[in-house]
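Engineer: Provided below are the primary sequence and the corresponding predicted coordinates.
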Amino acid sequence: MDKEDRVLRLQKKLEHWIEHNKEHAESFRKAAREAEEIGLVDISRCLNDAAKGMDDISALLEKAMREMS
């Protein structure tokens with residue numbers, strides 16, 4: 001496998017991870033809303049923090065994608 005193929009493969013992985021993380025973050029936010037609705041405020045905060053963490057990770061992966069361009 002030459003360098004160009006390896007770069008393309010890495011770009012595909014990054015794209016997949018970014019999309020996957022965004023899906024997880026949205027799922028965490030939905031669960032946070034549900035937790036808050038039933039009075040689990042501390043759990044809701046934790047889930048929102050987890051969603052924020054996923055957003056931060058996605059931002060780093062997006063930066064890596066830009067660096068490859």
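Structural biologist: On my side now, so go ahead.
Engineer: A25 against A59, yeah?
Structural biologist: No. Counting by CB atoms under 8 Å, A25 does not reach A59; the two are 11.1 Å apart. Where you see a C-beta, it was placed from the backbone N, CA and C, and this is true even at glycine.
Engineer: who's more crowded, these two?
Structural biologist: Between A25 and A59, counting by other CB atoms under 10 Å, A25 is the more crowded of the two (20 against 12).
Engineer: Report the contact partners of the most centrally placed residue in the chain.
Structural biologist: The centre of the chain sits closest to N21, judged by CA atoms, centre = their mean, with a distance of 2.4 Å. Counting by CB atoms under 8 Å, 6 or more residues apart in numbering, N21 makes contact with 54-55, 57-58, 61.
Engineer: so where does S44 fall, helix or strand?
Structural biologist: Counting by DSSP states H and E, the element that carries S44 is helix 41-68.
Engineer: in that helix, what's buried?
Structural biologist: Neighbour counts over helix 41-68 (16 or more other CB atoms under 10 Å) mark 44, 47-48, 50-51, 54, 58, 61 as buried.
Engineer: Dump those residues to JSON lines, plus distance to A35 and pLDDT.
Structural biologist: Output for the buried residues of helix 41-68, formatted as JSON lines (distance: CB to CB, whole Å; pLDDT from 0 to 100):
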{"residue": "S44", "distance to A35": "4", "pLDDT": "99"}
{"residue": "L47", "distance to A35": "6", "pLDDT": "99"}
{"residue": "N48", "distance to A35": "9", "pLDDT": "99"}
{"residue": "A50", "distance to A35": "12", "pLDDT": "99"}
{"residue": "A51", "distance to A35": "12", "pLDDT": "99"}
{"residue": "M54", "distance to A35": "17", "pLDDT": "98"}
{"residue": "S58", "distance to A35": "22", "pLDDT": "98"}
{"residue": "L61", "distance to A35": "27", "pLDDT": "98"}
